[in-house]
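Undergrad: Have a look; sequence and predicted model below, questions after that.
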2 protein chains.
Amino acid sequence: MTATIPETTGLTGQMLIAGTPVRGTGTPIHALNPATGETLEPAYHYGDASNVDAACAAAAEAFPAYRATTAEARAQFLEAIAANIEAAKDAIIARATAESGLPTARITGEVGRTTGQLRLFAAVLREGSWNHAVIDPAQPDRQPAPRPDIRQRSIPLGPVAVFGASNFPLAFSVAGGDTASALAAGCPVVVKGHDAHPGTSELVGRAITDAVAASGLPAGTFSLLFGDGPDLGTALVTDPRIKAVGFTGSRSGGTALVAAAARRPEPIPVYAEMSSINPVFLLDGALATRGADLGKAFVASLTMGSGQFCTNPGLVIAVDGAGLDAFVTAARDALADAPATPMLTPGIATNYTTGVDALGKHAELVGRGQAAETECACHAALFTTDAATFLKSEALQDEIFGASSLIVRCKDAAEMRAVVDNIEGQLTATVHADESDFDAARDLLPTLELKAGRILFDGWPTGVEVNYAMVHGGPYPATSDSRSTSVGARAIERFLRPVCYQDVPKALLPSVLTDDNPDQLWRRIDGQLTRD
Amino acid sequence: MTATIPETTGLTGQMLIAGTPVRGTGTPIHALNPATGETLEPAYHYGDASNVDAACAAAAEAFPAYRATTAEARAQFLEAIAANIEAAKDAIIARATAESGLPTARITGEVGRTTGQLRLFAAVLREGSWNHAVIDPAQPDRQPAPRPDIRQRSIPLGPVAVFGASNFPLAFSVAGGDTASALAAGCPVVVKGHDAHPGTSELVGRAITDAVAASGLPAGTFSLLFGDGPDLGTALVTDPRIKAVGFTGSRSGGTALVAAAARRPEPIPVYAEMSSINPVFLLDGALATRGADLGKAFVASLTMGSGQFCTNPGLVIAVDGAGLDAFVTAARDALADAPATPMLTPGIATNYTTGVDALGKHAELVGRGQAAETECACHAALFTTDAATFLKSEALQDEIFGASSLIVRCKDAAEMRAVVDNIEGQLTATVHADESDFDAARDLLPTLELKAGRILFDGWPTGVEVNYAMVHGGPYPATSDSRSTSVGARAIERFLRPVCYQDVPKALLPSVLTDDNPDQLWRRIDGQLTRD
């Protein structure tokens, strides 16, 4: 069945290339409402290499003027995008809910997260530390040779390609964290929208395009394309005018982009956030005092959003005993009550089912959620195995995108330690510990630091704060670059590089490096931080 | 002819693996005095895969304890290395001078640069900003959900492989900038010493090994290997325990290491500083007032150290006219007086001659320095061509390691602009400008920022300060990672990654993140920098 376009959205099915709507000439795709099976109009036709070329040419042309804007101008631009998204909020929420099958409350929250993220980067721009301004004044009398005047600041890398993620149609998509941080850095952005939510992408793309125009910025500052990954995505990443890539998605997709970027005549950084099973460690004291409560809370985290989070708790590790038994029983019971919820796309649902079936061959089933009525739904699953089996099978560490988790039962602390040593790089590692567990936790922590970007205690990994201290990143294969975060203030650093100025005449210095420091920015002068 | 080992050095010809001298079983190599042709004893036998394995195993074993040391302990360790180098200074200078053919004054200066570099990182460690400590305190009353307590700091990546460079037997070799910054970060280091100066490498390796022991650090904190690049070097970069690589050398060597690192099951960052021809722009006003002086000063920079600097001025760009004529005449005359000086190795001398011969086929010879008496010497060369020819030939941008430079004559400012747009990524870009040139310089600067890591005015690119503001890096192919610098305080960032701690009990937090801030470090709290 085919639904008409909701009046409120006025979707056109077109890409947005440097402010101009462009209809693709390739394969037409439709979004699907995974909750109803309904096909959503209009059709979005894939773009081709000529569209990539046009978007990249416009981005390259826009770059000099865009990067020359003041930080204040870019801050206001990000705020204008946020305001435009808020103005179109009803249409965006309606369409994103229909395209994702996610509850309205979740999508509403995601709008807030997206606008909050844009405003965080506006604040980051105004605070100014992102410039990394450093001044080592001249020492004309130094022996044996005078010291020149050397100053440093950060500048943007150039046009950035951003790949929208399926699971956050707003916060990790067209105006998501990658776009916001790249635009903040002074980089034009070319987004490849995700096929799962083209209508949401168009609406948000327009919010950005309108803000570009209203802010008097060059049109090429932003473009939105549609197309398939291996074809249009590769063309985008290998375009010589693109200087960095932000991606959130599968391990296969991420590693393909990393490889394509590495093969370029000029290799470029790819920030790919790929796969993570987010181990949860239940220590003995915590299990003994609140095993059942933990089991219940665990299932709430596991099944939230059909488990379609990068930070979904896909692995639970504990030492066998009555506490773990209580946890498992409570989790099984809670799971039995968990309703089947829609998954984002039929493809994701199929992969989920395949993954769960494969896991079932290597691990013992603890229980499942309620069975799905439609095909595109998540029938949550919980498995268990012993540590010896886990240590022997690499397949047990494969991410299953969706609500599926594996409880690894260890004989003792030493075996738990062997499991920890054996896990791959992760976005998060969670520890549940009582005070009686602190010595064990203290032993565990140094290893967890090497395995994950975020370590959390007595909570659940789903739910990522957007602030200054957040790290949403981690060692390979969680991401392709553990030195960075894709969420939070430091995400801007991914798109900057340092340049230094030696004996550059005062009249030619960028304002962040002049002696008078007109904006009273933090700068490092002769090694000391100061706002003088 | 074969010289005996100088008494003062007591060289053994052995590698140093986790504090233990180990004699390789592979091909024996000898250093050669390029100034005299003399073969220097003792023989250094190449190591093999088993030595790589032993060094990496020791580094991995040392890592937990080494990274757990305080910043103060690591600062004292770096100072101990510097003191040990100073104590062995006479032997090091004698051997490094013999192995490199570089003048004693230059090598003496390089010892000072090396110890200064170690002490700079000691200061960086004590200042503490490298921790990148961030605290977003909990907001238990936030609606709709409480905000957790989130804190962030940086931790070291793990064992680092460092490749010694031929042209700085001290400052970019065994205890050079890569080693100093990696050790400062808390990473054990495995160095592959350069074949050109194995004796210097052994002496400096001992200075580090002795400091490791005296500081009570795990022996695996440092190892020194000898071996060939494709064999032992690749084994080192692909060892799963190595987590990052520092390299200074050729483009072919650097790209091979980058490719090897990318092929690993767990790819790792490679910081390769590769090739740069360091364009020098002579603007009209400067040429008119001091063309001849600039020509003379240029030749001094060009021929210093036989031109064997990453920052050697290999390209000069100016608009044709009387000022440029005066520059060229003065440069030719100065060059005619320049004595032939030894090159680092016969291989480097051969490559230099091949490169100069090839350049001579595409460009017109301006003049040469004095002819060499020995084969392993640099017969400095200066060529010229017009901009139209330069723009048509990629080969004219190839780095020739040694004193060779090409003057590109432009018809006008527009043609000069076309040349600028066409050059590859560089370590440096130099501008000579009078006040009358400031408008032209202002137009040029934004492009130079995108092409180079360091922009300097009215000086010469050779000579790299080691301080807080320095950037020794730049866009590909100058380096493999333009986001970093291999010289100066920020070099430490290459070996760190952020980790965040969510609701981690106070008793388990690292001291840089506790509420009381015992060391009064700079931290970002709720978005604001403070030492509270």
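TA: Here it is on my side, so go on. Residues are numbered from 1 along each chain as shown, chains lettered A, B, ... in the order given.
Undergrad: Where does the prediction get shaky in the stretch 101-250 of chain A?
TA: Judged against pLDDT under 70, the stretch 101-250 of chain A has no low-scoring part.
Undergrad: those strands in it, which residues are they?
TA: For the stretch 101-250 of chain A, the strands defined by DSSP state E, counting those that start in this stretch occupy A:134-136, A:150-156, A:160-163, A:189-192, A:222-225, A:244-248.
Undergrad: Of the ones you listed, which stretch is the most buried?
TA: Ranked by mean neighbour count, those are led by strand A:222-225 with a mean of 31 (mean count of other CB atoms under 10 Å in any protein chain shown). Where C-beta positions appear, they are placed from N, C-alpha and C, glycine not excepted.
Undergrad: any weak-confidence spans in chain A?
TA: For chain A, the stretches with pLDDT under 70 are A:1-9.
Undergrad: domains of it?
TA: For chain A, automatic domain parsing gives the domain ranges A:2-274+A:484-493, A:279-457.
Undergrad: okay if I get those as a markdown table plus distance to B:A31?
TA: As requested, the domains of chain A are exported to a markdown table (distance: least, CB to CB, whole Å):
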| stretch | distance to B:A31 |
| --- | --- |
| domain A:2-274+A:484-493 | 28 |
| domain A:279-457 | 39 |
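Undergrad: Can you lay out those as CSV showing distance to chain B?
TA: Converted to CSV, the domains of chain A look like this (distance: least, CB to the nearest CB, whole Å):
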stretch, distance to chain B
domain A:2-274+A:484-493, 4
domain A:279-457, 4
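Undergrad: which one of the strands of the stretch 101-250 of chain A lies closest to B:A380?
TA: Closest to B:A380 of these is strand A:150-156 (CB to CB; 28.4 Å).
Undergrad: ok, and what's touching that closest one?
TA: A:63, A:67, A:130-136, A:185-187, A:495-504, A:509-510, A:512-513, B:449-450, B:465, B:467-471, B:490 (CB atoms under 8 Å, 6 or more residues apart in numbering or on different chains).
Undergrad: Just the ones in strands from those residues, please.
TA: Counting by DSSP state E, the part of the contacts of strand A:150-156 found in strands is A:134-136, A:496-502.
Undergrad: Buried ones from those, can you make that a PyMOL selection?
TA: Only the buried entries of these go into this PyMOL selection, using 16 or more other CB atoms under 10 Å in any protein chain shown:
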select buried, chain A and resi 134+135+136+496+497+498+499+500+501+502
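Undergrad: Just give me the closest of the ones in strands among the contacts of strand A:150-156 to A:G158.
TA: When the ones in strands among the contacts of strand A:150-156 are compared for distance to A:G158 (CB to CB), A:R497 comes out closest, at 9.6 Å.
Undergrad: measure the closest one to A:A55 for me?
TA: A:R497 sits 23 Å away from A:A55 when distances are taken as CB to CB, to the nearest Å.
Undergrad: repeat for A:Y271
TA: Here A:Y271 is placed at a distance of 19 Å from A:A55 (CB to CB).
Undergrad: the strands in the stretch 401-532 of chain A, which residues?
TA: Using DSSP E, counting those that start in this stretch, strands in the stretch 401-532 of chain A cover A:404-410, A:426-432, A:452-457, A:496-502, A:523-525, A:528-530.
Undergrad: The last one pairs with which strands, and in what direction?
TA: By that I understand strand A:528-530. Sheet pairing here is set by DSSP bridges, and for strand A:528-530 it gives strand A:523-525 (antiparallel).
Undergrad: centre of the chain versus the strand it pairs with, how much separation?
TA: Strand A:523-525 has its C-alpha centroid displaced from the chain centroid by 32 Å (CA atoms, centre = their mean, to the nearest Å).
Undergrad: contacts for that strand?
TA: With CB under 8 Å, 6+ apart, strand A:523-525 has contacts from A:133-137, A:512-513, A:517, A:529-532, B:129, B:468-469.
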